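Asker: missing the sequence, but the structure's below:
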């Protein structure tokens with residue numbers, strides 16, 4: 001009987017201690033749930049038995065409680081895949097948990113995620129571990145200083161059409177015309193990231209028959225960088241912002 005009484009006292013003490021602890025959290029008293037005798041008994045057992053609980057209540061033992069934020073979000077599978085990609089192909093451990101993926105729009109199924117601080121030269125170096133790249137200049141970061149989006153400001157995500165060739169919808173439009181229309185299009189960095197990600201998934205390449213003009217970027221002097229695959233090599237080249245052609249096209253982006 002004495003042991004039963006002790007357990008009862010310990011249980012009451014635990015209930016009181018738990019109530020105080022819960023009261024310090026975001027939950028109100030009205031949100032707390034009653035525990036059954038069976039649940040209380042299980043709790044006592046998990047804590048190590050009546051003797052351990054008595055020591056806890058007498059401050060002979062300390063208990064550390066780690067709170068978990070309610071409804072804590074699990075990393076989106078798409079963002080998790082991009083984190084793995086940057087680790088495997090660029091050796092970068094990036095945190096993309098704060099990135100917001102733009103809402104889906106019809107046809108824009110491909111998500112491209114750019115982590116904070118990523119540079120053109122980093123991507124080119126990573127590409128060269130897998131295939132040949134001819135960037136025309138030695139330092140793309142220096143030669144392409146103008147970009148509509150820049151990861152220096154933080155990580156971000158965009159959506160593009162999931163297709164090998166550049167957008168037919170934008171054929172025969174110059175970069176100047178695209179700008180006048182107020183369209184959002186890929187930057188050079190986004191296009192190169194897309195290339196490497198596509199290669200990581202398919203061992204193939206983009207723009208086999210067309211050229212992606214990266215209207216979201218400008219080279220010093222305002223010419224526009226272009227990217228295409230030719231003769232087993234990835235090329236970065238430049239065209240005037242006023243030039244248009246059916247085979248040289250931008251790629252629309254959703255931000």
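Answerer: Yes, it's here. Just so you know, these numbers come straight off a predicted model, no measurement behind them.
Asker: for the helix or strand hosting residue 142, give the mean pLDDT please.
Answerer: Here residue 142, judged by DSSP states H and E, is contained in helix 140-143. Mean pLDDT, helix 140-143: 96.
Asker: packing partners of that helix?
Answerer: In terms of contacts (3 or more CB pairs under 8 Å, 6 or more residues apart in numbering; DSSP states H and E), helix 140-143 is packed against helix 120-127. No exception for glycine: its C-beta is placed from N, CA and C like everyone else's.
Asker: just list the residues touching residue 212, thanks.
Answerer: The neighbourhood of residue 212, defined by CB atoms under 8 Å, 6 or more residues apart in numbering, consists of 166, 186, 191, 206, 226-228, 249-251.
Asker: and the pLDDT for the closest residue to residue 195 other than its chain neighbours?
Answerer: The shortest distance from residue 195 to any non-neighbouring residue, by CB to CB, 6 or more residues apart in numbering, is to residue 206 (5.6 Å). What the model reports as pLDDT for residue 206 is 98.
Asker: ok, now residue 149?
Answerer: Looking at residue 149, its pLDDT is 98.
Asker: give me the contact list for the helix or strand that the helix holding residue 142 is followed by.
Answerer: Scanning forward in sequence from helix 140-143 by DSSP H and E, the next helix or strand is strand 146-147. Here strand 146-147 makes contact (CB under 8 Å, 6+ apart) with 187-189, 216-219, 222.
Asker: can you rerun that using 7 Å?
Answerer: 187, 189, 216-218 (CB atoms under 7 Å, 6 or more residues apart in numbering).
Asker: picking that back up, okay, and which of the contacts of residue 212 map to helices?
Answerer: Applying DSSP state H to the contacts of residue 212, the entries found in helices are residue 191.
Asker: could you pull out the strands in the protein for me?
Answerer: 110-114, 133-134, 146-147, 156-160, 211-213, 217-218, 224-230, 233-239, 248-249, 253-254 (DSSP state E).
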